[in-house]
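# Task: produce atomic coordinates for the following.
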Amino acid sequence: MNQQLAIERSIIKTYRKDIWQKFVKAINDYKLIEEGDKIAVCISGGKDSFLMAKCFQEIEKHGQFHFEIKFIVMDPGYSAQNLTLIQENAKTLGVPIQIFRSDIFEVVHHLDKGNPCYLCARMRRGYLYQFAQDLGCNKIALAHHFDDVIETTLLSMLYGGEIKTMMPKLHSDHFDGLELIRPMYLIHEKSIINWVKSNHLIFLNCACRFTEANEKYGEETSKRMEMKRLISSFREQNPYIVQNIFKSIENINLNCVISYHKNGKRTHFLDDYDLKN
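Okay, here's the model as predicted:
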């Protein structure tokens, strides 16, 4: 059995419960793919996005309706070594990638000397949306996983002062007709890491100039890394805590919420408090 076939079999056999079934469940539960969709699957070069690409290939083979996939890779200014790694992994996995160039690393490097990660992420998103739209795609797939959802939820609560999470799909505010989907939404990062290790694969981590020059900042002092450590401590205390955080964001009891807002309108529990008696 060649390496590509072994990798594909591992997704639907060895990791059927932890990866494949959760990928399919997210697609079905959140209605992420529909007949006739043209989806830009965004590959950063990391483990999450390459696994997502392989899952898309499998769902295309085993799915019950037709849709089209474009595997796109944005080169924001990678070193030759990192770009080669992405190309070699794509060849090994049998993913037909389409690479396009941007100058994001160069721009961010000069514009933001403090914490460029936020600006970089926003610019990446804009370039990806534009390229996907130019290809005629109506959806763009990003590889955010279960742990990303929990981290975002905790960041919003602890540092943003609001209960807000990362949604499984969103309509674009700036690119008409484009919708963002997150089919890795239910897959735990540990399962992805186990899949990578079992297949002896090596993927690209964040390779921007800032983290290369200041690894300590990127790994030790970012708020997201702080959330990763917090989540890890939760799992050590009780294996159900993290899953319960996820359940809580889809099981909100509005009768026990002081106030909430939607579409710019705020509702307070006192608004109809006396009417309930």
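
# I'd say K38 and F67 touch.
Yes: at 7.1 Å, K38 and F67 qualify as touching, with contact defined as C-beta atoms under 8 Å. Every residue, glycine included, has its C-beta placed from N, CA and C.

# The residue nearest the centre of the chain in helix, strand or coil?
The chain has H144 as the residue nearest its centroid, 1.5 Å off, counting by C-alpha atoms, centre = their mean. What DSSP: H, G, I helix; E, B strand; the rest coil gives for H144 is coil.

# Find the nearest non-adjacent residue to S156, please.
K164 (4.2 Å; C-beta to C-beta, 6 or more residues apart in numbering).

# what do you get for V196?
Residue nearest to V196 in three dimensions, not counting chain neighbours: K47, with 5.0 Å by C-beta to C-beta, 6+ apart.

# so who does the one you found touch?
Applying C-beta atoms under 8 Å, 6 or more residues apart in numbering, we find K47 in contact with 192-193, 196, 201, 203.

# all strands of the protein, in order?
Ranges of strands in the chain, per DSSP state E, are 38-42, 68-75, 97-101, 139-141, 169-171, 179-181, 259-262, 265-268.

# and the residue lying closest to G63 once chain neighbours are set aside, how far is that from K262?
Excluding its sequence neighbours, the residue lying closest to G63 (C-beta to C-beta, 6+ apart) is I33, at 7.6 Å. For I33, the distance to K262 equals 27 Å [C-beta to C-beta, to the nearest Å].

# Between these two, which is the more surrounded one?
More crowded of I33 and K262, by other C-beta atoms under 10 Å: I33, with 22 against 7.

# give me the number of residues near V95?
20.

# thinking again about what came up before, reformat the strands of the chain as TSV; add distance to A6 and mean pLDDT.
Conversion of the strands of the chain to TSV gives the following (distance: least, C-beta to C-beta, whole Å; pLDDT from 0 to 100):
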stretch	distance to A6	mean pLDDT
strand 38-42	22	97
strand 68-75	20	95
strand 97-101	20	94
strand 139-141	24	98
strand 169-171	32	97
strand 179-181	28	97
strand 259-262	48	93
strand 265-268	53	94
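
# May I see these organised as CSV, with distance to E88 added?
Below are the strands of the chain laid out as CSV (distance: least, C-beta to C-beta, whole Å):
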stretch, distance to E88
strand 38-42, 18
strand 68-75, 13
strand 97-101, 11
strand 139-141, 22
strand 169-171, 32
strand 179-181, 27
strand 259-262, 47
strand 265-268, 51
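
# tell me the most buried of these?
strand 139-141 (a mean of 26; mean count of other C-beta atoms under 10 Å).

# What lies in contact with that one?
So strand 139-141 is contacted by 32-33, 37-42, 52, 56, 128-129, 132, 178-183 (C-beta under 8 Å, 6+ apart).

# What of stretch 247-256?
Residues outside stretch 247-256 that contact it (C-beta under 8 Å, 6+ apart): 153, 163, 165, 260.

# mind listing what the third one touches?
Spelled out, that is T165. Applying C-beta under 8 Å, 6+ apart, the residues contacting T165 are 149, 152-153, 156, 249.

# Give me the distance between it and Y185.
10 Å.

# what sits against the residue lying closest to S198 once chain neighbours are set aside?
What sits nearest to S198 in space, not counting adjacent residues and going by C-beta to C-beta, 6+ apart, is S10, at 6.4 Å. Residues near S10 by C-beta under 8 Å, 6+ apart: 195, 198-199.
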